[in-house]
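Engineer: please work out how this folds:
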Amino acid sequence: MTIHGDHPFLPPESERSPVRRLRGRLPSPVGLWTTQYDGKRAGLTVSSMLVADGEPGYVIGLIDPDSDLWETLREARTAVVSLLGGPHQQLADAFGYVAPAPGGPFRMIDWIDTEWGPAPVGVSTWAGCRLVDNDPPEVGWALQVQLELVHVELAADEVVPLIHRRGRYTTL
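Structural biologist: I've put the predicted structure just below:
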């Protein structure tokens, strides 16, 4: 068995989409979107997202329409959006389904059950959100999912944020 330093299924750079390569050069926050409905938990690492200020505020993210997260979020209509930090790299990979997580990624750390879904213990910033539209528009390969910010938790001791750029994690 050989362990590769790069992703084993990644096509050569010359064969990748120029749009995807442009997007990959933009540093993005690493968020973890989680939800729960009828006893089923689902989560997904999301780095294609932004926060829009206002009354109310919104989180807008690009979500895979075939993901367990989207299937469960449509039913639950609520979610927790957590901003991951440097210590959460393995958690990000597990919820991005690019690293093994024996027993599933929800077994990797402890969780707090909130009215919006499960929130990870040890994450300094998270928000409880409500789904705006059960039928969001398609944008490229994804759904443009809009969540209304209902509740925001900001810890006094902020964790150094995890950033995704060109397929790799880094911190500020």
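Engineer: quick check: longest strand of the chain.
Structural biologist: If you go by DSSP state E, the chain has its longest strand at strand 142-154.
Engineer: what strands line up against that strand, and which way round?
Structural biologist: strand 58-63 (antiparallel), strand 125-131 (antiparallel), strand 138-139 (antiparallel) (DSSP bridges).
Engineer: using CSV, write down the CA coordinates of stretch 109-123.
Structural biologist: Only the C-alpha atoms of stretch 109-123 are listed here, as CSV (Å, rounded to 0.1, in the frame of the first residue of the first chain):
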residue,chain,number,x,y,z
ILE,A,109,-15.7,15.1,18.6
ASP,A,110,-18.4,16.0,21.1
TRP,A,111,-21.6,17.8,20.0
ILE,A,112,-24.1,20.1,21.6
ASP,A,113,-27.7,19.7,20.5
THR,A,114,-29.2,23.0,19.6
GLU,A,115,-32.6,24.0,18.2
TRP,A,116,-30.9,24.4,14.8
GLY,A,117,-28.9,21.2,14.8
PRO,A,118,-25.7,19.8,16.3
ALA,A,119,-22.9,22.3,17.1
PRO,A,120,-19.4,21.0,17.6
VAL,A,121,-17.8,21.4,21.0
GLY,A,122,-14.5,23.3,20.8
VAL,A,123,-15.4,25.5,17.8
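Engineer: setting aside sequence neighbours, what's the nearest residue to residue 137?
Structural biologist: Spatial nearest neighbour of residue 137, chain neighbours left out: residue 144 (5.2 Å); criterion: CB to CB, 6 or more residues apart in numbering. (C-beta placed from N, C-alpha, C; glycine too.)
Engineer: brilliant, that's me finished.
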